[in-house]
Structures are given as C-alpha cells and as structure tokens.
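Asker: Sharing a model prediction with you, sequence too.
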Amino acid sequence: MSIIEKKVLEEIQFYVTTKYSCGYINGKDAQSIVATPYKSITSENFNILVKKGFRRSGQYAYKPNCENCSACVPIRLLASNFIGNRSQKRTKKYLNKLKVNILPLSFDKEHYDLYVQYQNNRHLDSGKSEDEIGDYNDFLIKSNVNSKLIEFRLGNKLKIVTIIDMIDDGISAVYTFYDCSNQKLSLGTISIMWLLDFCKKEKLSFLYLGYWINECKKMKYKTNFKPYELLLDGVWQEASS
C-alpha cells in the first residue's frame, strides 16, 4: 500500500460482522469486513477500497471475510480489450433498440415496481417476497459516493435498471434488475455490454463486477466476459483462459 493510500484510509476503521447464512453457497456461514463509520466513505477512499476488493451496499462498503472459505473472488473486466463472443455480439442487436438514460440516484415508483417483479421472480423457490420500499432505498438508492442509475427502455417500457459507482479507473457495477418476462433476451448481459462500451467511450480501464463465485451458478457468468482479472492474494492477475 502506498503512503497516499495509507493516509486516505486512516480515517476509516474496519470491523468484522457476526456470522450469517451465506446467500451464495447452501449450508455455509459467511462473514464480512465493513468499513466504518459509513459517513467517512467518500469517493476518494472508495476508489482505493474497490481496488482492494470492496463493493458497496447502500452507504456501506464491505468485502467477504470468511474464516474457512475463499469462494468469493473479486473480478474486473478489461474494458479496453473486450471484443465479445458470438453470443454476446448478438445481444447488441437488441441493445441497439433500447434508449439509455443516465440518471442520478433517486426513488422512482416505476423502477421500484420492476425491482419487486425481478426479486419475486428470482426468489420464487424461497417463498420470499421482496416488497419493502425502505429496504430498496437502503440497498440501492442511498450512497455516499459518485453513483448513477442507468435505465434502459424499449419505447416507453422500462426493461433494465443498473446501479453503478464511478471510480477513477472504471465503473463498479452495484446491481442490475430487469424485466423477467422473456429470459431469452439476456438482459443482464445486455447491461454489461453497454457498461463495457461506456467504459471504452469514457476511456475507463475496468468494469468491476463484484465477486466471481465458481460454486454458485448465478455468479459464474462473470468469467464469460474476457479478458478479466481476479484479485488473488491482494494482486490483480489476468486469468482469461
């Protein structure tokens, strides 16, 4: 860690959470390390935290800190070198039909309704219903850093919402939710393709995608975008094969 990084991070303290049930691997407990106080998280120190494997949930920056598991591996895509495979390129035909708006973070009932539809579709097997506005705001709308909301529309119909954090060398993708009525459209992939194009346009090097988890089917897709780097033993290493 450089002297500048140490100085910037001096105002932050870190604590380890108690154990909780892992949301990615069944039967496992998880713990996280959280930067505190949350009001001390600024765009300047958040830049450093993201590069060290942290990501944001609402006003909190955290990363996994599990005693006996290292399944969650930070991943970032090398935006300037991304070309896309045949399947990914096909998604651009649909992307080109969409109107994209970059907006500040704020509550919008239309966005919230799409979030509820997405969550209830994704969690049908758990019997859990996600319909709390307060939880939505705490998770996605509150932020202490330079965050944006990207909406994708087909005509007037809202199809995708993506929350991102802007940092000095790229974008940290926070969360994406979308219309689940047609899974064949691969709307999650479409969002990533647009973010990669945006990085290229803005001359940003990386798209940070949070954590790649080989043991979790829903998280394995991230390595389909090549080339990418994984944060291994504190060092970003290209691992695109």
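Answerer: Now that the structure is in, tell me what you want to look at. Predicted model only: the values in this text are computed from it and were never measured. Numbers count the residues shown, from 1 in each chain.

Asker: Residue 230 contacts residue 214, correct?
Answerer: No - between residue 230 and residue 214 there is no contact under CB atoms under 8 Å: 10.6 Å. In this view, the C-beta of every residue, glycine as well, is placed from N, C-alpha and C.

Asker: joint contacts of those two?
Answerer: Among the neighbours of residue 230, those also in contact with residue 214 (CB atoms under 8 Å, 6 or more residues apart in numbering) are residue 73.

Asker: From the neighbour counts alone, determine which of the two ranks first.
Answerer: Neighbours per residue, other CB atoms under 10 Å: of residue 230 and residue 214, the larger number sits with residue 230, 18 against 11.

Asker: Secondary structure class of the more buried one, three-state.
Answerer: Using DSSP: H, G, I helix; E, B strand; the rest coil, the secondary structure recorded for residue 230 is strand.

Asker: who does it bridge with?
Answerer: Listed beta-bridge partners, residue 230: residue 75, residue 237 (assigned using DSSP bridges).

Asker: who's in contact with it?
Answerer: The neighbours of residue 230, taking CB under 8 Å, 6+ apart as the test, are 73-75, 212, 236-237, 239.

Asker: Which of those sits closest to residue 59?
Answerer: Within the set of those, residue 74 lies nearest residue 59; the separation is 20.4 Å, counting by CB to CB.

Asker: and the closest one, what does it touch?
Answerer: The neighbourhood of residue 74, defined by CB under 8 Å, 6+ apart, consists of 53, 63, 208, 210-212, 230-231.

Asker: what's the answer for residue 169, then?
Answerer: Listed by CB under 8 Å, 6+ apart, the contact set of residue 169 reads 47, 51, 204-206.
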